[in-house]
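Colleague: Just a sequence and a predicted model for now, questions to come.
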Amino acid sequence: MSKPRRNQSKNIVISTQCFSPVLGGMENLMKGLAESLYKKKFNIFVFADSKKSLDEEKHDKQLSYEIIRYGGLKIIRKRRKSTDIKKFINFKKNINCIFCDSWKSAENLIKNKVADTEKIFCLAHGNDVLVNKNIIKRKRIKRTFSKTNCIIANSYFTKKRIANLGIKSNKIKVIYPGVENKYFHLKKRNNNLQKYKNFKPILLTIARLEKRKNHKNIIYAIKELIKDFNKLLYLIAGDGPEMKKIRKLINKLNLKRNVKILGKVSENDKDFLFKISDLHVMPTIQDKKSISIEGFGISYIEAGMYGIPSISSGLGGTKESVIDSKTGIICNPNNISSIKDSIRKVLINKKIYKKLSANSKNFSKKFLWENTIKNYLKLIRKDF
């Protein structure tokens, strides 16, 4: 690790499975945390998993702080990372604290007795603490959390789920995910997306293609909506296990003209998509089979940065990221008519749309990293 140092008494270690350049809510959160702490004059040392992305090496060289990547088999990767962090701490000595992206990243550090000498703050996001009837997983999570100094939940919904594991509530701090307003300053454009500008209205979902994101019911709602909005376009940005099923449904309903799957998109593409879109649609459901639910939903906040209202379900932590009738509309995600009517209500009533748009933009500002980082600094400066 050889990049320039600042004050040698301000050192923070970040242990994470998720980090950019891979796109995703957790990846953006962990990079945003690192960047924001660096701006506060801390020396940042990131120990992150490698996703073998083509632009990973180029991305890491452009960072202002240190990062070490770990590849290989998961069990070996986790052990190597935790062992290296312990060696680094013993060498560096003066570490303010360690941030872990989840209990899984903290677990091996606990086993290596790092918590005996260092403050560990562990983030929690919703899905990672859902255990259902898995007794072994429940014990692992509780054992890990009990050894950390503080658990940082991304919503009050997530905090409640952690408390249900037997963790004292006063040990759990809610800090909502931060967003960066960098999207407004990106200028490079993907020419392949320009062709969609002439559609109106444009609905957008930027999310991993998985069952709980509820693309299926949205598409069924689109089938009904095009009767009133023949130039309507629904853009689906993302990749995931539901890709084939979604494509098959689009073909079955003869919606190739009105529904487009874009696959993975860059930050530049995200910026462009938000700027041409009228409504962000993601009424998530609970996927009981895979034990999956939305812990917060940062994409609602990102959409709000552009003054785009959202259609949400209010399930999980989404009641905290979309305020019904203020920044968006909460519908019944399992009822296609409810989804359709909620979208239609916002699109046909200009007065409602204007109110939701203004409110969503104002609401999103409190999630800017320049505000969010203050809550992290309070933890760093005192024993929780």
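Modeller: Looks like it came in fine.
Colleague: Please make it C-alpha for all contacts and neighbour counts, starting now.
Modeller: Will do.
Colleague: Lys168: how many residues sit nearby?
Modeller: When neighbours are counted by other C-alpha atoms under 10 Å, Lys168 registers 11.
Colleague: quick one: contacts for it?
Modeller: In this structure, Lys168 makes contact with no residue, judged by C-alpha atoms under 8 Å, 6 or more residues apart in numbering.
Colleague: Could I get the pLDDT score of it?
Modeller: What the model reports for Lys168 is a pLDDT of 95.
Colleague: how's the chain carved up into domains?
Modeller: Annotated domains of the chain cover 11-178+369-380, 182-366 [automatic domain parsing].
Colleague: mind listing the helices for the stretch 51-200 of the chain?
Modeller: Listed in chain order, the helices of the stretch 51-200 of the chain (DSSP state H, counting those that start in this stretch) span 56-61, 74-92, 103-111, 135-147, 156-163.
Colleague: pLDDT on the second one, on average?
Modeller: If you average the pLDDT over helix 74-92, you get 94.
Colleague: Buried residues of that helix, list them for me.
Modeller: Arg77, Lys78, Lys81, Ser82, Ile85, Lys86, Ile89 (16 or more other C-alpha atoms under 10 Å).
Colleague: Stretch 136-145 too?
Modeller: Buried residues in stretch 136-145 (16+ other C-alpha under 10 Å): Arg138, Ile141, Lys142, Thr144, Phe145.
Colleague: hang on, the third one packs against Gly166?
Modeller: Yes. In this structure, Lys142 sits in contact with Gly166. The criterion is C-alpha atoms under 8 Å, and the distance is 7.1 Å.
Colleague: Against which helices or strands is the host helix or strand of Phe274 packed?
Modeller: For Phe274, the element it lies in under DSSP states H and E is helix 267-276. Under the contact criterion of 3 or more C-alpha pairs under 8 Å, 6 or more residues apart in numbering; DSSP states H and E, helix 267-276 touches strand 202-206.
Colleague: who touches the helix or strand hosting Tyr376?
Modeller: Using DSSP H and E, Tyr376 falls within helix 369-380. Outside helix 369-380, the residues that touch it by C-alpha under 8 Å, 6+ apart are 32-33, 36-37, 96-97, 175-180, 366.
Colleague: Buried only: go through the residues you listed for me.
Modeller: Here, 16+ other C-alpha under 10 Å leaves Gly32, Leu33, Ser36, Leu37, Asn96, Cys97, Ile175, Tyr176, Pro177, Gly178, Val179, Glu180 buried among these.
Colleague: where does this protein have low pLDDT?
Modeller: 1-7, 54, 182-191, 383-384 (pLDDT under 70).
Colleague: cutoff 80 now
Modeller: Confidence mapping of the chain against pLDDT under 80 gives the ranges 1-9, 53-54, 93, 132-133, 181-192, 288-291, 382-384.
Colleague: which residue of it sits farthest from its center?
Modeller: Here the chain reaches farthest from its C-alpha mean at Lys227, the gap being 34.0 Å by C-alpha atoms, centre = their mean.
Colleague: for that residue, phi and psi?
Modeller: phi -70, psi -30 (degrees, to the nearest 10).
Colleague: Please report how far it lies from Asn258.
Modeller: The gap separating Lys227 from Asn258 is 12 Å, by C-alpha to C-alpha, to the nearest Å.
Colleague: picking up where we left off before, and the helix holding Tyr376, what's buried?
Modeller: Going by 16+ other C-alpha under 10 Å, helix 369-380 has these buried residues: Trp369, Thr372, Ile373, Tyr376, Leu379, Ile380.
Colleague: any idea how far the fifth one is from Lys40?
Modeller: It stands for Leu379. 14 Å.
Colleague: The second one too?
Modeller: Noted for Thr372: a distance of 13 Å to Lys40, by C-alpha to C-alpha.
Colleague: Export the helices of the stretch 51-200 of the chain as a markdown table, with columns for distance to Glu118.
Modeller: Output for the helices of the stretch 51-200 of the chain, formatted as a markdown table (distance: least, C-alpha to C-alpha, whole Å):
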| stretch | distance to Glu118 |
| --- | --- |
| helix 56-61 | 26 |
| helix 74-92 | 9 |
| helix 103-111 | 10 |
| helix 135-147 | 11 |
| helix 156-163 | 22 |
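Colleague: Please list the residues outside stretch 345-352 that contact it.
Modeller: By C-alpha under 8 Å, 6+ apart, the surrounding residues in contact with stretch 345-352 are Pro201, Tyr353.
Colleague: at 6 Å instead, please
Modeller: With contact meaning C-alpha atoms under 6 Å, 6 or more residues apart in numbering, stretch 345-352 is reached by Tyr353.
Colleague: and it, how far apart are its ends?
Modeller: 8 Å.
Colleague: For that stretch, what is the distance to the chain centroid?
Modeller: 28 Å (C-alpha atoms, centre = their mean, to the nearest Å).
Colleague: Buried ones in it, by neighbour count?
Modeller: For stretch 345-352, by 16+ other C-alpha under 10 Å, it's Val346, Leu347.
Colleague: circling back: ok, which pair from the contacts of helix 369-380 is furthest apart?
Modeller: Asn96 and Lys366 (26.4 Å; C-alpha to C-alpha).
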